[in-house]
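Participant: Got a predicted structure plus its sequence, pasted below:
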Amino acid sequence: MKYALITGASRGIGKAIAVKLAKELQYNILLNFHSNIDAANATKELVEAENVHCELLQFDVSDTKMSENVLQDFRKNNPDAEIEIIVNNAGITRDGLFMWMKPEDWHSVINTSLNGFYNVTQPLLKDMLKRRYGRIINIVSLSGLKGNAGQVNYSAAKGALISATKALAKEIGKRKVTVNAVAPGFITSDMTADFDEKELKKMIPLNRFGEAEEVADLVSFLASKKASYITGEVININGGLYS
């Protein structure tokens, strides 16, 4: 059975990606979530409405041992499962001026986005390389490309993930495993719920926030065989804000 693993997939962009990969590419879904079991179950129902299997994997991607144990258990219990797609979507924000930033606000953001990429991708990579097929898609951010005041931690985490994307793409391209990053701008979600949309959209050439489904459309393309000659890229989806 072929699977796509999406981290942080109970809500928002992750949820939209899980449903889209089930619907368009007919992948069975491994849906990682941290704590919100009700949201995860609601997403599972939407995925399974597309006639594929969905398995919930509850773990904190920033915890190396926990991530490794859960992934190992899944592989042991499902020896025929082939994880062909990894979407590293889990991320958190702890915004504030760097001058006043507490150590836990720095480390928790870095650990989730950057170490989470390592903790999930590294244990699964060997199987992809053996099979000579795979898609690794990292959800980064406009902040990681241009920097954003009040988000030094988030910008650092996503900027590092962009560099990791490019380096890993060079390491494993010969094995037909691609690695790309998707950099959303302002997308309607829990993460942007407190933003002043009326003011911010004046900066955006398309004059609106994006939708999670639009990001999912791009991820679905990169996860498909149509994108087999695209690797090491960072693709912006931001309404022209950083073009």
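Facilitator: Now that the structure is in, tell me what you want to look at. Residues are numbered from 1 along each chain as shown.
Participant: all helices for this protein, in order.
Facilitator: Counting by DSSP state H, the chain has helices at residues 12-25, 37-48, 64-77, 103-110, 116-131, 142-146, 152-172, 197-200, 212-223.
Participant: would you list these in JSON lines and tack on mean pLDDT and mean neighbour count?
Facilitator: All C-beta spots, glycine's among them, are computed from the backbone N, C-alpha and C. JSON lines is the format used below for the helices of the chain (pLDDT from 0 to 100; neighbours: other CB atoms under 10 Å):
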{"stretch": "helix 12-25", "mean pLDDT": "97", "mean neighbour count": "24"}
{"stretch": "helix 37-48", "mean pLDDT": "97", "mean neighbour count": "16"}
{"stretch": "helix 64-77", "mean pLDDT": "97", "mean neighbour count": "14"}
{"stretch": "helix 103-110", "mean pLDDT": "97", "mean neighbour count": "16"}
{"stretch": "helix 116-131", "mean pLDDT": "97", "mean neighbour count": "18"}
{"stretch": "helix 142-146", "mean pLDDT": "92", "mean neighbour count": "20"}
{"stretch": "helix 152-172", "mean pLDDT": "98", "mean neighbour count": "19"}
{"stretch": "helix 197-200", "mean pLDDT": "75", "mean neighbour count": "11"}
{"stretch": "helix 212-223", "mean pLDDT": "97", "mean neighbour count": "21"}
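Participant: Would you reformat those helices as a markdown table and include distance to residue 88?
Facilitator: Output for these, formatted as a markdown table (distance: least, CB to CB, whole Å):
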| stretch | distance to residue 88 |
| --- | --- |
| helix 12-25 | 10 |
| helix 37-48 | 17 |
| helix 64-77 | 11 |
| helix 103-110 | 14 |
| helix 116-131 | 5 |
| helix 142-146 | 13 |
| helix 152-172 | 8 |
| helix 197-200 | 26 |
| helix 212-223 | 11 |
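Participant: Residue 16 reaches residue 220, doesn't it?
Facilitator: No. Applying CB atoms under 8 Å, one finds residue 16 not in contact with residue 220, separated by 9.7 Å.
Participant: ok so, going back, among the helices of the chain, which is nearest residue 184?
Facilitator: Closest of those to residue 184 is helix 212-223, at 5.2 Å (criterion: CB to CB).
Participant: what distance separates that closest one from the middle of the whole chain?
Facilitator: Computed by CA atoms, centre = their mean, to the nearest Å, the chain-centroid distance of helix 212-223 equals 11 Å.
Participant: Now do the same for the residue nearest to residue 104 when sequence neighbours are not counted: its pLDDT.
Facilitator: Nearest residue to residue 104, sequence neighbours excluded (CB to CB, 6 or more residues apart in numbering): residue 94, at 7.9 Å. Looking at residue 94, its pLDDT is 95.
Participant: Appreciated, that's everything.
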